Structure formats: C-alpha cells, structure tokens
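> turn this into a model:
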Amino acid sequence: MKVVILAGGFGTRISEESHLKPKPMIEIGDRPVLWHIMKGCSYYGLNEFIICSGYKQHVIKEWFDDYFLHNSDVTFDFSSGKKEVTVHHKHIEPWKVTIVDTGLNTQTGGRIKRIERYIGNETFMLTYGDAVGNINIPELLQFHKNHGKTGTISLYNYSQNKGVIETGENGIIEAFREKSDFDGNLINIGYMIFEPVIFEYIKGDETVFEQEPVNKLVKEKQLAGYVHKGYWQCMDTLREKQRLEKLWMSKTAPWKIWDE
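Predicted coordinates for the structure are as follows:
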C-alpha cells in the first residue's frame, strides 16, 4: 500500500523556521519530521511514498537526493586530480519515494488529485506531513476493510490542557476540576485510508479536501472513523516543536516505534 503525504503548505503558524524550509522538513533532533513519519510507516512494512510538495519543494528533493551520503561514511579523494568518492558503512532505508510538485497555492484536495496517476486502482493511505504518532497502521487498515467504506480517517481526542468548570443553567458553578481525556473533541489526525474512487470526489486545485469531498462522504455514509488511543502530536507552533524535540532528545519519544 502506498502512503501519500501532504507536504506542500506554507506552514505560516511556525514561521520562525518555515521561512527557510517546508514545515515537513523542520527537524526533530537532526531529522525532518517527514523522516519520523516515514520511519513509523516503514516499521509496518509501508515503504512506498508519494510526497505532495509545493512550497520550497526543492528542499525536499535535495534532502532525499543527498540522503544516501548523509547516512554513510564517505571518502572524497582528490589526489589524482579528479574527485573519487568511496562510500563506507552504507545505511539506506528500503524506501521508494516519489516527490511531486503539486503547485504552490494548490489546496489539499487539488494536491491529492494531482497524484492520482501514481496511485492507480489501489487502496492507499493519506496523511499530513506535520504530525507524529504511534498509530497502529495494520489495525487501522483492518478496521477500514471491516467497514467496507470509501474512506476511513483516524480520530484523536485532543483534550484541552486547562481546568474545567461546569455551570448550571442559572450560571452557578457546579464543578471545578482538572481536565480528563473525555473533555476534548475528536479531531482528524490524518492516517486516512481511501479507495481510489475518492479521486472522483475532487474537482480540481481549488478543492479543500477536508470540506466538500469529506462532507460528501459523510452524507453518503461512506466515511468511517478509527479512534486512535495512543500518542499523537501536531507541530503547528514553535512551542509544539520544542515539546517534540525534548521528547526525542530524552529518548522517550512515544512515536518512535522502530529500532535504531
């Protein structure tokens, strides 16, 4: 099963770093968040990726072009008057990566529509390039198969981080307590599975995937929701980036399900 990753947005909410690179290329530790997402997929045997690029798409292409050298010991020998390169201790991922320039201002639906030819008549996974989690992909896929719908999206109870106050109809406070996991709303966290018929729901570049196509699926009762109860965190702000960085550097990152 191919994995489609949306990686073309401007990342304006984390502009401290996204003015230099696409948000999926912002690093956690010394690796882009895109790499973290791909490693999690690869752990479950998903090694073919289609990356929907746009803003500063050359940065993504150049990073993958240099990936082999960056992860190996290399000798550059100029003694003969020409460059001779010897690669030692090669380390490379079992990945096939197709990077598609889906346009600078294309909406999410348009980006997906533009990679239709790379999917063919296959079920595929779709996710965002700016969040990490320990989603059990085989369980998600089985859930999708069991329900037999056009699409399945992963949901997460993104609970609020403040104390909770409950009031009655007359405005009198009835309870003041710490938050619980039941106080948040279920949100779409990516890690979506779709049948190829989904491309018929997308008109063109101006289509926001999360609006008309998804709402049409809901109306037709063709969209299932898989609730993820593990870890998930987006990287929309510098504070969230620093939080993820701290977990990674302390070797307690809950999304790291792969071995070294």
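
> contacts and neighbour counts: CA atoms only from here.
OK.

> where does pLDDT dip in the stretch 151-260 of the chain?
When the per-residue scores of the stretch 151-260 of the chain are filtered using pLDDT under 70, the ranges that remain are 159-184.

> strands of that one, start to end?
Secondary structure of the stretch 151-260 of the chain by DSSP state E, counting those that start in this stretch: the strands cover 151-158, 164-167, 173-177, 185-188, 192-194, 223-227, 232-234.

> need the winner for burial among those.
Sort these by mean neighbour count, taking mean count of other CA atoms under 10 Å, and strand 192-194 sits at the top with a mean of 24.

> distance between that strand and the chain's centre?
Once both centres are worked out by CA atoms, centre = their mean, to the nearest Å, strand 192-194 turns out to sit 13 Å from its chain's centre.

> ok, stretch 75-95 next?
Computed by CA atoms, centre = their mean, the separation of stretch 75-95 from the middle of its chain amounts to 32 Å.

> now it - C-alpha only, PDB.
Listed in PDB are the C-alpha atoms of stretch 75-95, where the atom choice follows Å, rounded to 0.1, in the frame of the first residue of the first chain:
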ATOM      1  CA  THR A  75      35.900   9.300   1.500                       C
ATOM      2  CA  PHE A  76      36.500  12.100  -1.100                       C
ATOM      3  CA  ASP A  77      39.800  11.600  -2.800                       C
ATOM      4  CA  PHE A  78      41.200  14.400  -4.900                       C
ATOM      5  CA  SER A  79      44.800  13.300  -5.000                       C
ATOM      6  CA  SER A  80      44.600  12.100  -8.600                       C
ATOM      7  CA  GLY A  81      43.400  15.400  -9.800                       C
ATOM      8  CA  LYS A  82      39.800  14.400 -10.000                       C
ATOM      9  CA  LYS A  83      37.100  13.600  -7.500                       C
ATOM     10  CA  GLU A  84      36.800  10.000  -6.400                       C
ATOM     11  CA  VAL A  85      34.100   9.100  -3.900                       C
ATOM     12  CA  THR A  86      34.100   5.900  -1.800                       C
ATOM     13  CA  VAL A  87      31.100   5.200   0.400                       C
ATOM     14  CA  HIS A  88      31.700   3.100   3.600                       C
ATOM     15  CA  HIS A  89      29.200   1.500   6.000                       C
ATOM     16  CA  LYS A  90      26.200   2.200   3.800                       C
ATOM     17  CA  HIS A  91      22.900   2.800   5.500                       C
ATOM     18  CA  ILE A  92      19.900   3.300   3.500                       C
ATOM     19  CA  GLU A  93      16.100   2.900   4.000                       C
ATOM     20  CA  PRO A  94      14.100   0.400   1.900                       C
ATOM     21  CA  TRP A  95      12.100   3.300   0.500                       C
END
